[in-house]
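Engineer: Generate coordinates for the sequence data below:
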Amino acid sequence: MKEIVVISGKGGTGKTSITASFAYLDGREIVVADCDVDAADLHLLMRPDFAISENFYSGVIANIDQNACTKCDKCAEVCRFDAIPVINKQYIVQPLDCEGCGYCARVCPVDAITMEEQNVGDWYISTTKVGSAMVHAKLGIGAENSGKLVAKVKNEAKKIAEEQGKKYVLVDGSPGIGCPVVSSLSGANFVVLVTEPTVSGIHDLKRVYELVRKFGIKTGCIINKADLNNAVEKEILKFLSENDINYIASLPYDETFTKAMTKGKTIMEYGGGSIPRIIEESWDKIKELA
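Structural biologist: Numbering: from 1, shown residues only. Predicted coordinates:
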């Protein structure tokens with residue numbers, strides 16, 4: 001079983017649309033993992049059934065027993081995050097401000113403060129509209145530990161792939177270079193970088209490749225909307241050649257992509273133009289390289 005991760009240095013490059021197209025092509029033969037847990041949207045195109053849903057707990061948050069609290073002010077005094085204001089004459093922990101350090105619980109003279117595990121989101125196991133298994137998640141607003149939730153999604157997807165004898169786990173990773181991206185890359189066999197021919201596109205491509213390079217993972221690149229700026233596309237191609245990054249394909253700009261999205265469909269279903277053929281050839285090439 002091989003794990004193929006699709007990421008991008010920035011949002012808006014078409015990463016998820018391309019990943020959904022790959023997932024549509026192989027249908028029941030793969031397991032899909034949406035690891036963009038901070039802003040998950042692969043479900044909009046794959047229409048999973050959310051058959052299994054579980055809470056995800058990670059990290060702790062302070063909780064004050066108002067009946068035991070003597071209002072001594074020691075907790076608010078030591079909280080460097082100002083997470084314990086006085087509201088209606090009670091010391092109340094603000095969830096978005098509390099970092100879970102536990103200092104307030106240590107200094108409380110009457111043990112009125114306990115550190116409780118946080119429910120930071122939900123994760124799901126679904127069947128998509130094409131019959132593939134899909135593991136995905138939703139991180140709570142303002143919640144942390146997205147990297148841990150990504151790890152949970154990936155591990156469950158790999159477990160299903162092994163149990164069902166699937167050849168590939170296809171991962172839709174987060175944009176950027178943060179914690180969830182690092183977690184997405186861990187254990188991957190091949191990484192697909194999706195970029196666009198813009199100043200910010202090539203800048204962020206270089207930045208995310210520096211991260212991928214540290215993992216020593218085989219890498220390929222798809223240039224989306226390639227004909228918008230031929231000069232920058234050539235600059236990207238030069239960068240790929242200089243760094244031994246496999247050039248997968250260049251996709252032309254086509255508003256059909258957007259029209260398909262508004263219908264909740266992949267470009268493979270919607271059809272039109274040369275893009276479906278290029279994407280199919282790209283997916284075949286990626287599987288060979290992986």
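
Engineer: which other helices and strands contact the longest helix along the chain?
Structural biologist: Using DSSP state H to define each element, the chain has its longest helix at helix 146-164. Applying 3 or more CB pairs under 8 Å, 6 or more residues apart in numbering; DSSP states H and E, one finds that helix 146-164 contacts strand 30-34, strand 52-64, strand 113-127, strand 133-139, strand 168-175, helix 179-185. Glycine gets a C-beta too; all of them are placed from N, C-alpha and C.

Engineer: And these: which comes nearest Lys148?
Structural biologist: strand 52-64 (4.9 Å; CB to CB).

Engineer: Most distant residue from the centre of this structure?
Structural biologist: Thr70 (43.9 Å; CA atoms, centre = their mean).

Engineer: Now do the contacts for it.
Structural biologist: Applying CB atoms under 8 Å, 6 or more residues apart in numbering to Thr70 gives the contacts 109-110, 112.

Engineer: Tell me which residues touch Thr19, please.
Structural biologist: If you count contacts by CB under 8 Å, 6+ apart, Thr19 has them with 6, 42, 170, 172.

Engineer: What helix or strand is it located in?
Structural biologist: According to DSSP states H and E, Thr19 maps onto helix 15-26.

Engineer: circling back: got a pLDDT number for the residue farthest from the centre of the chain?
Structural biologist: Reported pLDDT at Thr70 in the predicted model: 95.

Engineer: In space, what's closest to Asp73 - neighbours in sequence excluded?
Structural biologist: Tyr91 (7.7 Å; CB to CB, 6 or more residues apart in numbering).

Engineer: I'd guessed that neighbour sits against Ile84; true?
Structural biologist: Yes. Taking contact to mean CB atoms under 8 Å, the distance of 5.3 Å between Tyr91 and Ile84 places them in contact.

Engineer: Common neighbours of the two, please.
Structural biologist: 64, 75-76.

Engineer: most neighbours, which of those?
Structural biologist: In terms of neighbours by other CB atoms under 10 Å, those top out with Cys75 at 24 neighbours.

Engineer: Break the chain down into its domains, please.
Structural biologist: Structural domains of the chain, as assigned by automatic domain parsing, span the residue ranges 2-47+128-289, 59-119.

Engineer: ok, back up a step: could the shared contacts of Tyr91 and Ile84 go into a markdown table alongside distance to Pro197 and pLDDT?
Structural biologist: Compiled in a markdown table, these are given as follows (distance: CB to CB, whole Å; pLDDT from 0 to 100):
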| residue | distance to Pro197 | pLDDT |
| --- | --- | --- |
| Ile64 | 54 | 97 |
| Cys75 | 54 | 97 |
| Ala76 | 53 | 96 |
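
Engineer: So what does Thr256 have for phi and psi?
Structural biologist: Per-residue torsions, Thr256: phi -60, psi -30 (degrees, to the nearest 10).

Engineer: Phe239 versus the closest residue to it other than its chain neighbours, what's the distance?
Structural biologist: The shortest distance from Thr256 to any residue that is not its chain neighbour, by CB to CB, 6+ apart, is 4.4 Å, and that residue is Gly272. Taking CB to CB, to the nearest Å as the measure, Gly272 and Phe239 are separated by 31 Å.

Engineer: Of those two, give the one with the bigger neighbour count.
Structural biologist: More crowded of Gly272 and Phe239, by other CB under 10 Å: Phe239, with 16 against 13.

Engineer: between the contacts of Thr70, which is nearest Gly147?
Structural biologist: When the contacts of Thr70 are ranked by distance to Gly147 (CB to CB), Ala112 comes first, at 32.2 Å.

Engineer: Please work out how many residues are found near the residue nearest to the closest one when sequence neighbours are not counted.
Structural biologist: Across the structure, with CB to CB, 6+ apart as the measure, the residue nearest Ala112 apart from its sequence neighbours is Ala68 (3.8 Å). Close neighbours of Ala68, defined as other CB under 10 Å, add up to 12.

Engineer: Enumerate every residue touching Ala68.
Structural biologist: Here Ala68 is in contact with 110-112 (criterion: CB under 8 Å, 6+ apart).
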